[in-house]
Structure formats: structure tokens, C-alpha cells
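Novice: sharing a model prediction with you, sequence too.
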Amino acid sequence: MGTTIIGLIVIAVAVIYLVFIYNRLVSLRNQFKNAFAQIDVQLQRRHDLIPNLVEAAKAYLTHEKSTLTQVMEARNNAVSAQKDAAKDPGDGTKIQRLGGAENLLTKALANFYAVAENYPDLKANETIQQLMEELSSTENRVSFARQAYNDGVMSYNIFREQFPNNVIAGMFAFKETSQLELESPEARQAPKVAF
């Protein structure tokens with residue numbers, strides 16, 4: 001009788017621990033998905049501003065159609081990757097594709113800004129200035145949202161990989177996910193300065 005009670009207590013403790021781990025995994029997964037939703041909102045804002053900027057700049061950049069086309073193509077690819085990633089923010093492949101698409105969009109916008117420097121009338125246009133300021137503000141918001149998402153992903157992945165959590169995560173298909181990297185490797189390198 002005593003061993004039966006001890007056995008039942010051990011089983012009850014094991015079940016409670018299993019439930020705790022499972023619920024914690026669910027909680028952490030939902031936290032990083034919520035953080036991705038915040039990124040999604042800011043990326044949508046960014047993607048919505050770009051056509052307005054391109055449309056406003058068309059009159060000034062008549063000889064730079066390839067630059068405008070490049071920006072719009074990169075934007076369309078980023079929108080597609082964003083929609084795909086929003087369906088399952090836990091899918092590392094989709095998150096990596098989104099990061100790559102956003103990096104290409106950032107490069108296209110940087111090229112646009114470089115070209116715009118050669119057009120004083122464009123730089124002086126109030127609408128263009130306002131749109132560029134809104135894009136810059138949105139970039140900051142994306143950075144903050146990305147940091148929250150990456151922190152959530154890191155917490156989830158660490159908890160998921162710890163023993164015995166990894167056994168339970170494997171049993172219930174809690175997969176590892178990827179952080180969202182929006183910086184290109186070139187951006188991480190120190191600039192070369194020559195005197």
C-alpha cells in the first residue's frame with residue numbers, strides 16, 4: 001500500500017512537471033509570435049510608405065526609372081515574404097527569407113537615397129522630406145520590434161533545448177525557430193578609412 005502511494009505521488013509529480021514544461025513552451029512560443037505581430041505591423045507601415053515615396057519622386061527622377069523600379073520590386077518581394085512569414089512566425093526558413101527580402105529592400109532604398117542626393121529639388125520637396133522622415137521613424141520601430149522578437153525567440157529556444165524540456169518539446173513538435181536578422185554582413189564590418 002505504501003509503495004503504491006509513493007508510486008502515485010511520483011507519477012503525479014511527473015505529470016505536473018510535464019504539464020508545467022508544456023505550458024511554458026506554449027507561453028514562450030506565443031510571446032515570440034506576438035512580438036512578430038509587432039514587427040508585422042511596422043513592416044506593413046514601411047511597405048505602405050514606399051509606393052507613396054516612389055510616386056512622389058517620379059516627377060524628379062525621370063532619368064532614374066531603374067532605381068524606382070528596383071525599389072518597387074524589392075518592396076513587392078518583401079511584402080510577399082512578410083505575408084508568408086506572418087502565416088507561421090515559428091518557421092525559421094520563412095523568417096530567414098523575410099530577413100533577406102528586407103535586406104534587399106533596405107539596399108534598394110539606400111540606392112534611392114543616394115540618387116536623390118543628386119536632385120536638390122527632390123530633397124527640398126516637403127512631401128518627399130515627410131515621407132523620408134516617416135520611413136526613418138518606421139525603421140526605428142522595426143528595430144525595436146525585431147529586438148523584442150529576437151529576445152522572445154532566444155528565450156523560447158533556450159527553454160526548448162534544456163533537459164528534460166527538449167524531450168517534451170520533441171514529443172509535442174515544438175520546433176526551433178530563427179531570429180530575424182535585418183542587417184547585411186557588410187553592415188557589420190567596420191568602414192575602411194583612408195587619409
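Specialist: Structure's in. What do you need? Numbers count the residues shown, from 1 in each chain.
Novice: where does the prediction get shaky in this protein?
Specialist: 183-195 (pLDDT under 70).
Novice: that one: helices as residue ranges?
Specialist: 2-58, 65-87, 92-116, 120-124, 126-161, 165-171, 185-188 (DSSP state H).
Novice: list the buried residues for the third one?
Specialist: Neighbour counts over helix 92-116 (16 or more other Cβ atoms under 10 Å) mark 92, 94-109, 111-112, 115-116 as buried. For glycine as for every other residue, the C-beta is placed from the backbone atoms N, C-alpha and C.
Novice: right, and the helices of the chain - which one's nearest Gln179?
Specialist: Ranking these by distance to Gln179, with Cβ to Cβ as the measure, places helix 126-161 first at 4.3 Å.
Novice: other SSEs contacting the closest one?
Specialist: Contacts defined by 3 or more Cβ pairs under 8 Å, 6 or more residues apart in numbering; DSSP states H and E place helix 126-161 against helix 2-58, helix 92-116, helix 165-171.
Novice: what's near enough to touch the residue lying closest to Leu18 once chain neighbours are set aside?
Specialist: If the residues on either side of it in the chain are set aside, Leu18 comes closest to Ile168, at 6.1 Å by Cβ to Cβ, 6 or more residues apart in numbering. Taking Cβ atoms under 8 Å, 6 or more residues apart in numbering, we find Ile168 in contact with 18, 21-22, 25, 174.
Novice: in PyMOL, how would I select the buried members of those residues?
Specialist: Entered in PyMOL, the line below selects the buried ones among these, by 16+ other Cβ under 10 Å:
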select buried, resi 21+22+25+174
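Novice: was I right about Met146 contacting Gly152?
Specialist: Careful, residue 146 is Arg; it's not Met. No - applying Cβ atoms under 8 Å, one finds Arg146 not in contact with Gly152, separated by 10.6 Å.
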